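# generate a structure from the sequence data that follows.
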Amino acid sequence: MDLKALHMLWLVPVFTLTAQGLDLSVSPGITARCGSHVRLQCMATSSRSGLSIKHIGWYHRNTPVCYVDNQGPILFNQTDHYCEYEDGQLSLTFPKLKPYQEGRDLESYLCKLRSNQEVKHKYTSVELDDCAAAVTGVLTTAGPSCTFYNVYPDGEVHWFRSSNDVWVEPSNSKHLTTKRVETGGYLTIQSNLTLLETVSGVVFNCSLKSSRSGKYIASTLIRSEGLEGRGGARMAPQFKNTAVRSQEVVTKALYVSVILAVLKIIS
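Below is the predicted model:
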């Protein structure tokens, strides 16, 4: 074996040791439900002794969230997140993850490290699933109305008759949808369906379709009870217990007839 070959063999383990020296690891990309508890970890380790960390920090879209440097921990703890540092590990915790804290692209959350050995950085991502925390449905004089709360990222309201995927025809109705941005980046979406014809006993299905995934993420059923359509013929009030009410009327009439007959005989 010549001198050149021996020299190359000697260099290989040197480069291997260097590559294995300082390591910076972060949590893999996370997909979480809205309002869930999420923790991101950033850890610096070294196979070489004497590691001294000058700076380690979490950044969201290039804005510092929390970091530790020669001055000590600068944690920027708030009600919607907090940070903890111990032995080269900096954790960023979201007790209830909100939309504005999401970072879908791979370079959204960055952990930076500066030490006496090397300078390194790594990225990770935090993605929120489609969500609608709650939905309510009510019946108004104009028609059914539904409201979806804590919606993310956005959605489109679809109205059906019953739950059998039969569209409410635009020619027979019209609906108005309003959206409001709430604290934290959630949406409140309300939809009002105005009926143009008289209906009774119809079950309406109000469903929210996610603008991102194209899936229906929430729905509610609303039953109509003798609704008068705008521009339609007036309809007499209907009762859920019509048969019982009719029987009460007949009984009262017979009672009055008997009383009158008895009074006539006495007189």
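# and the nearest residue to residue 33 once chain neighbours are set aside, backbone torsions?
In space, and not counting its chain neighbours, residue 33 is closest to residue 129: 5.3 Å by C-beta to C-beta, 6 or more residues apart in numbering. Every C-beta, even on glycine, is put in place using the N, C-alpha and C of the backbone. The phi/psi pair for residue 129 (degrees, to the nearest 10) reads phi -70, psi 160.
# can you pull the contacts of residue 129?
For residue 129, the contacting residues are 31, 32, 33, 34, by C-beta atoms under 8 Å, 6 or more residues apart in numbering.
# and if you look at residue 99?
34, 128, 152, 153, 184, 185, 186.
# separation between the nearest residue to residue 115 once chain neighbours are set aside and residue 44?
Among residues not flanking residue 115 along the chain, residue 53 sits closest, at 5.1 Å (C-beta to C-beta, 6+ apart). Relative to residue 44, residue 53 is positioned 6 Å away (C-beta to C-beta, to the nearest Å).
# how about the helices in the stretch 151-267 of the chain?
Counting by DSSP state H, counting those that start in this stretch, the stretch 151-267 of the chain has helices at residues 242-266.
# remind me which residues of it are low pLDDT?
For the stretch 151-267 of the chain, residues meeting the criterion pLDDT under 70 lie at 163-171, 199, 225-267.
# all strands of it, in order?
Taking DSSP state E, counting those that start in this stretch as the test, the strands found in the stretch 151-267 of the chain are 155-161, 166-167, 173-181, 187-195, 203-210, 216-223.
# the helix or strand hosting residue 135: partners in the sheet, and parallel or antiparallel?
Element membership for residue 135 (DSSP states H and E) is strand 131-139. Take DSSP bridges as the rule and strand 131-139 pairs in its sheet with strand 144-152 (antiparallel).
# hey, what's the angle from the strand holding residue 135 to strand 203-210? Just curious.
Orientation of strand 131-139 against strand 203-210 (axes from the mean of the first three to the mean of the last three C-alpha atoms, to 10 degrees) gives an angle of 160 degrees.
# for strand 131-139, buried residues please.
Using 16 or more other C-beta atoms under 10 Å as the test for burial, strand 131-139 gives 131, 132, 135, 137.
# likewise stretch 42-52?
Buried positions in stretch 42-52, judged by neighbour count with 16+ other C-beta under 10 Å: 42, 43, 44, 46, 51.
# got it, and stretch 188-195?
For stretch 188-195, by 16+ other C-beta under 10 Å, it's 189, 190, 191, 192, 193, 194, 195.
# next one: stretch 174-181
Across stretch 174-181, burial judged by 16+ other C-beta under 10 Å covers residue 175.
# the nearest residue to residue 180 once chain neighbours are set aside: what's it in contact with?
Excluding the flanking residues, the one nearest residue 180 by C-beta to C-beta, 6+ apart is residue 188, at 4.7 Å. By C-beta under 8 Å, 6+ apart, the contact list for residue 188 reads 147, 148, 149, 150, 151, 179, 180, 182.
# check residue 65 too.
Residue 65 sits next to 57, 58, 59, 76, 81, 83, 92 when contact means C-beta under 8 Å, 6+ apart.
# try 6 Å
Neighbour list for residue 65: residue 58 [criterion: C-beta atoms under 6 Å, 6 or more residues apart in numbering].
# give me phi/psi at it?
When read as degrees, to the nearest 10, the backbone of residue 65 gives phi -100, psi -50.
# got a pLDDT number for it?
We note a pLDDT of 90 for residue 65 in this prediction.
# now it: how far from residue 103?
In terms of C-beta to C-beta, residue 65 sits 11 Å off from residue 103.
# equivalent analysis for residue 74, please.
21 Å.
# more neighbours: which of these two?
Higher neighbour count among residue 74 and residue 103: residue 103, with 20 against 14, using other C-beta atoms under 10 Å.
# hmm, residue 109 and that one touching each other?
Yes - shown here, residue 103 and residue 109 form a contact pair, counting by C-beta atoms under 6 Å, at 5.1 Å.
# all the strands of the stretch 1-150 of the chain, residue numbers only.
Counting by DSSP E, counting those that start in this stretch, the stretch 1-150 of the chain has strands at residues 22-26, 30-32, 38-46, 53-60, 63-69, 72-74, 82-86, 89-94, 109-115, 119-124, 126-128, 131-139, 144-152.
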